[in-house]
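>>> no sequence on this one, just coordinates:
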Ligand code: BG6
């Protein structure tokens with residue numbers, strides 16, 4: 001991260017004792033402290049219902065930081081300095097009168113206010129109204145909200161309207177944590193800083209694109225939330241569509257938030273709607289059964305703790321997505337994401353078309369397509385598969401496919417890769433919205449996804465089973481094979 005300290009901030013953290021705050025936000029803030037990026041005098045007020053003192057919270061936080069920060073990055077003196085910034089206030093988020101107490105903590109003259117709603121989205125409206133009644137916020141206050149923004153277009157509009165009643169769009173920072181990942185931001189650099197790719201990035205040169213976000217974990221005790229969402233709401237509506245937009249969007253005229261978001265919205269509007277007759281060939285949904293994960297036996301989705309044994313919620317989705325515009329006409333984007341797949345792996349593969357006229361040994365023609373493999377996680381980096389001549393006198397003009405390789409941890413050895421939340425929190429402190437999702441993006445994404453969900457509920461087949469530890473239902477392989485292609489690891 002560039003070494004520019006943000007302005008002094010007061011951060012009100014609603015839901016400070018919850019999983020997100022404890023596992024992600026506090027460790028990320030600690031890392032900002034360690035990097036010297038928290039301005040002198042910046043403070044954090046944790047808010048939750050539990051009756052605890054500031055000392056209790058600091059003590060518990062010290063332990064949580066030990067769990068969530070790598071030992072070599074845990075520096076006791078930095079931890080203590082960081083904990084001094086943290087205070088705690090008991091607050092019932094429904095209690096309008098209780099919000100008055102926040103005013104006595106706030107230092108309006110000397111710092112910016114950031115309100116971070118790490119609470120269930122159903123609470124966003126009431127918290128916003130109570131903050132308004134208590135006159136806690138000004139027009140400069142920044143308000144951070146987490147996904148899921150609703151469970152469909154209609155409910156997302158309700159939440160956005162409630163927030164919009166109190167705050168202007170320029171004050172709202174809607175998080176999709178994938179946008180904070182270093183490698184995801186690199187997509188912008190890769191595409192728009194390299195003319196080499198800019199001139200090749202369309203239907204004349206690319207045959208198809210694959211996006212895979214695989215997780216080896218299952219539901220991790222989140223059955224209650226996940227069963228209502230499923231993989232399509234949990235991952236496709238947000239992270240996967242954001243990745244697709246960054247690959248497919250036209251060059252923005254500059255790096256400002258609205259220029260980037262305008263281009264993403266154009267892609268979302270151009271997504272071909274998936275009608276009932278397309279479901280069979282464009283959509284696969286799956287649910288895992290018992291199997292093995294990283295060598296250990298694991299239960300199926302319906303056997304997880306707290307499971308409704310008859311649930312038809314999907315834990316895997318594969319889609320063939322068409323973008324109806326000049327750049328991408330005829331170039332399918334195959335996207336898939338699932339829980340309990342063989343490994344944690346997020347990658348994008350750009351498959352280029354073969355050269356227009358082939359002059360080499362015909363039995364090597366299958367090697368002819370260049371591929372750009374962008375590894376988002378783990379082993380962040382990219383690899384461009386190109387053809388070269390096989391070395392040696394006796395090899396004639398035999399070809400060989402090899403990689404031009406860039407592994408970030410090797411190339412930029414001294415730079416640690418920051419967690420997505422570190423980047424996002426830091427951008428919020430600086431007031432930059434370009435890594436956050438605008439209201440119309442959320443709504444266009446819902447509009448497209450709702451149609452698929454509707455098709456399922458109008459009588460689609462139940463999810464297809466796949467054993468934990470495999471790459472999803474065979475139907476996902478059939479979906480891409482039907483087009484004469486294969487998922488990259490099957491190639
Ligand atoms: C979250 C989803 O948004 O992203 C989780 O709710 C998922 O279900 C997680 O596990 C994946 O994020 P990451 O950063 O681990 O790839």
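Arrived safely. Values in this document were obtained by computation on a predicted structure and should not be read as measured data. Numbering: from 1, shown residues only.

>>> C-alpha from now on. contacts and neighbour counts both.
Noted.

>>> what about the residue nearest to residue 251 when sequence neighbours are not counted, distance to residue 198?
Spatial nearest neighbour of residue 251, chain neighbours left out: residue 192 (6.7 Å); criterion: Cα to Cα, 6 or more residues apart in numbering. Distance, residue 192 to residue 198, by Cα to Cα, to the nearest Å: 7 Å.

>>> next one: residue 122
Separation of residue 122 from residue 198 (Cα to Cα): 42 Å.

>>> now do residue 134
Distance of residue 134 to residue 198, given as Cα to Cα: 51 Å.

>>> residue 230 is in contact with residue 313, correct?
Yes - judged on Cα atoms under 8 Å, residue 313 makes contact with residue 230 at a distance of 5.4 Å.

>>> how many other residues sit next to residue 137?
Residues contacting residue 137 under the criterion other Cα atoms under 10 Å number 22.

>>> quick check: it touching residue 113?
Yes - if you go by Cα under 8 Å, residue 137 and residue 113 touch, sitting 7.5 Å apart.

>>> confirm residue 405 sits in a strand?
Yes - the assignment for residue 405 is a strand, going by DSSP: H, G, I helix; E, B strand; the rest coil.

>>> hang on, it packs against residue 383?
Yes - when contacts are counted by Cα under 8 Å, residue 405 is listed as touching residue 383 (4.5 Å).

>>> where are the low-confidence patches of the stretch 301-450 of the chain?
Applying pLDDT under 70 to the stretch 301-450 of the chain picks out residues 414.

>>> so how far is residue 70 from residue 424?
Distance of residue 424 to residue 70, given as Cα to Cα: 20 Å.

>>> scratch that, residue 124
In this structure, residue 124 and residue 70 are 33 Å apart, going by Cα to Cα.

>>> so which of those two has more stuff around it?
Using other Cα under 10 Å as the criterion, residue 124 and residue 70 rank with residue 124 on top: 21 against 10.

>>> next, count neighbours for residue 407.
Applying other Cα under 10 Å, we find 14 residues neighbouring residue 407.

>>> could you do residue 116 as well?
With other Cα under 10 Å as criterion, residue 116 counts 22.

>>> now do residue 461
Neighbours of residue 461 under the rule other Cα under 10 Å: 14.

>>> and for residue 340?
When neighbours are counted by other Cα under 10 Å, residue 340 comes out with 32.

>>> check residue 386 too.
Neighbour tally, residue 386, other Cα under 10 Å: 17.

>>> what's the answer for residue 467, then?
Neighbour count for residue 467, taken as other Cα under 10 Å: 21.

>>> residue ranges for the strands of the stretch 251-400 of the chain, please.
Secondary structure of the stretch 251-400 of the chain by DSSP state E, counting those that start in this stretch: the strands cover 283-289, 291-293, 296-298, 316-321, 333-338, 345-352, 371-377, 381-389, 399-407.

>>> and the fourth one, what other elements does it pack with?
What that stands for is strand 316-321. On a contact count with 3 or more Cα pairs under 8 Å, 6 or more residues apart in numbering; DSSP states H and E, strand 316-321 meets helix 279-282, strand 283-289, strand 333-338.

>>> got it, and the fifth one?
Other elements packing on strand 333-338 under the criterion 3+ Cα pairs under 8 Å, 6+ apart are strand 206-214, strand 316-321.

>>> now mean neighbour count and distance to residue 453 too, for those strands, in CSV please.
Formatted as CSV, these follow (neighbours: other Cα atoms under 10 Å; distance: least, Cα to Cα, whole Å):
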stretch, mean neighbour count, distance to residue 453
strand 206-214, 21, 20
strand 316-321, 24, 12
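
>>> can you redo the ones you listed as a markdown table with distance to residue 259?
As requested, these are exported to a markdown table (distance: least, Cα to Cα, whole Å):
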| stretch | distance to residue 259 |
| --- | --- |
| strand 206-214 | 24 |
| strand 316-321 | 24 |
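
>>> out of the ones you listed, flag the one nearest residue 224.
Nearest of the helices and strands packed on strand 333-338 to residue 224, taken as Cα to Cα: strand 316-321 at 17.4 Å.

>>> got the angle for that closest one vs strand 283-289?
Following axes from the mean of the first three to the mean of the last three Cα atoms, to 10 degrees, one obtains 170 degrees for the angle between strand 316-321 and strand 283-289.

>>> residue 455 is nearest to which of the helices and strands packed on strand 333-338?
Comparing those by Cα to Cα, strand 316-321 comes nearest, at 13.7 Å.

>>> what lines up beside the closest one in the sheet?
strand 283-289 (antiparallel), strand 333-338 (antiparallel) (DSSP bridges).

>>> tell me the mean pLDDT for the longest one?
So the one you mean is strand 283-289. For strand 283-289, mean pLDDT rounds to 97.

>>> buried set for stretch 460-472?
Under the neighbour-count criterion of 16 or more other Cα atoms under 10 Å, stretch 460-472 has 463-472 buried.

>>> so what touches that stretch?
The contact list for stretch 460-472, computed with Cα atoms under 8 Å, 6 or more residues apart in numbering, reads 216, 284-294, 298, 300, 312-314, 316, 338, 340-343, 473-475.

>>> and what of stretch 293-301?
Applying Cα under 8 Å, 6+ apart, the contact partners of stretch 293-301 are 216-219, 287-292, 307, 340-343, 467-469.

>>> filter those residues down to the buried ones.
Those of the contacts of stretch 293-301 that meet the buried threshold are 216-219, 287-292, 340-343, 467-469, by 16+ other Cα under 10 Å.

>>> how many neighbours does residue 296 have?
When neighbours are defined as other Cα under 10 Å, residue 296 has 8 of them.

>>> okay, and the beta partners of it?
Beta-bridge partners recorded for residue 296 (DSSP bridges): residue 293.

>>> how far away is it from residue 342?
Distance from residue 296 to residue 342, by Cα to Cα: 11 Å.

>>> with residue 442 instead?
Distance of residue 442 to residue 342, computed by Cα to Cα: 30 Å.

>>> next, residue 144: phi, psi?
The phi and psi values for residue 144, taken as degrees, to the nearest 10, are phi -110, psi 130.

>>> ditto for residue 358
The phi/psi pair for residue 358 (degrees, to the nearest 10) reads phi -100, psi 130.

>>> which residues touch it?
residue 365.

>>> what mean pLDDT does the helix or strand containing residue 196 have?
Assessed by DSSP states H and E, residue 196 sits inside helix 195-198. Helix 195-198 comes out with an average pLDDT of 89.

>>> please apply the same query to stretch 17-33.
95.

>>> who has more neighbours, residue 405 and residue 383?
Neighbours per residue (other Cα under 10 Å) separate residue 405 from residue 383, with residue 383 holding more: 17 against 13.

>>> residue 203 is nearest to which of the strands paired with strand 316-321?
In terms of Cα to Cα, the element of the strands paired with strand 316-321 nearest to residue 203 is strand 333-338, at 11.6 Å.

>>> perfect, that will be all.
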